[in-house]
Each structure stands twice: as C-alpha cells, then as structure tokens.
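1. Got a predicted model here, sequence first, then my questions.
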Amino acid sequence: MKDLVKNLTGKSLYLLLIAISLFAVAFIISKYIIGTTSARYYANLIENDIKSKERSFQKLTRDTALLRTLSDQTYTEEILQTVLEKEIGYSFFINKKDTANNRDLIFWNTQTAIPPINFLDESDASIKYIKIIGTTVSKLPKWHTGKGDMGYIFVDEILVN
C-alpha cells in the first residue's frame, strides 16, 4: 500500500501539476492574447461601434428641439460642440427647401465633405435609390495600426425620406 501511495504522489503528481500549469497558460494566452487579435474580436468591435452610432443617430433624430435649433441656426457653441463629427462619430447634413423648391444646405457637422445639393432633387419621381460608390485602398498605409493589410469598407443602411 505504501508503494502505491509513493508511486501516485511521486512522478505522477509532478506530471499532473505540469499539465494543470500548461492548461492555465494556454487559457491565458487564448483569452488575453489570441482572443484580442482574432477577426471575430475586431468584427464584434466594429459591429458594436456601428450599433452605438445607430442608437446615437436615432436619439438625435428624436430630439426635435435640437434639430429645430440647428435648422434655425440659433445654436450656441455648447450645442454645436455636442453635434460635431468628432464627438458623435458620423456626419449629417440639414437641407431646407426655399419657395422655388431649391435646396439650401443650412447645417452640416463636418467641414470635410459637402454633398452636392441636387442629390436630393425630386424632379424625377422614378428615382427611389441613391447609388453611392465606395472604394478603398489595397493596402493600409504605414501610419495605420493594420499597416500593409487590405483595406475594408463597412456600410450600413441610410434612410432618406
């Protein structure tokens, strides 16, 4: 009986401890190193960012007082800072029709792009869609964290009423 206990607690115990240690190291590597570099991890980050921006935009469009302030151009510097592209992460434009049915761009939260005014022209009732063509770079530049990798474009739905 003593030999059996001695054999079980001898080499086998060391092997068991080594196996448990290797399992723990593999778990830590999988959880904290490989898990944060996988495509699934980044896909979840991007998806969560898109959902966050969608919720933010829905909140913005429900705030009629804010939209009225922006369209009347009676906003303060504080209000302007809350709707800037760098704060909310997306761009939006507010157009207003005048008496001659011309559209005037009265507010945009970014200075990086101004859309052509005629893209919302309703003179042709058969137009139901706006085609947007997006292109990307074949390789990300050196300053990007994914330098040398292929560039991607992520698109979400844009509702135009």
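-> Done, it's in.
2. tell me the centre residue of this protein?
-> With the centre of the chain defined as its mean C-alpha position, the nearest residue by CA atoms, centre = their mean is Asp49, 3.4 Å away.
3. Output the contacting helices and strands for the helix or strand hosting it.
-> Under the criterion of DSSP states H and E, Asp49 resides in helix 39-62. Packing partners of helix 39-62 (3 or more CB pairs under 8 Å, 6 or more residues apart in numbering; DSSP states H and E): helix 64-72, helix 85-88. From N, CA and C alone the C-beta is placed, and that goes for glycine too.
4. returning to that earlier point: which residues touch the residue nearest to the centre of the chain?
-> Shown in contact with Asp49 (CB atoms under 8 Å, 6 or more residues apart in numbering): Gly89.
5. how near is Thr74 to Asn102?
-> With the distance defined as CB to CB, to the nearest Å, Thr74 ends up 22 Å from Asn102.
6. Which of those two has more residues huddled nearby?
-> More crowded of Thr74 and Asn102, by other CB atoms under 10 Å: Asn102, with 12 against 9.
7. Could you pull up phi and psi at that one?
-> Here is the backbone geometry of Asn102 (degrees, to the nearest 10): phi -90, psi 150.
8. can you give me the helices for the protein?
-> For the chain, the helices defined by DSSP state H occupy 2-9, 11-29, 39-62, 64-72, 77-83, 85-88.
9. for stretch 80-92, the distance to its chain's centre please.
-> The chain centroid and the centroid of stretch 80-92 are separated by 14 Å under CA atoms, centre = their mean, to the nearest Å.
10. Alright, that wraps it up for me.
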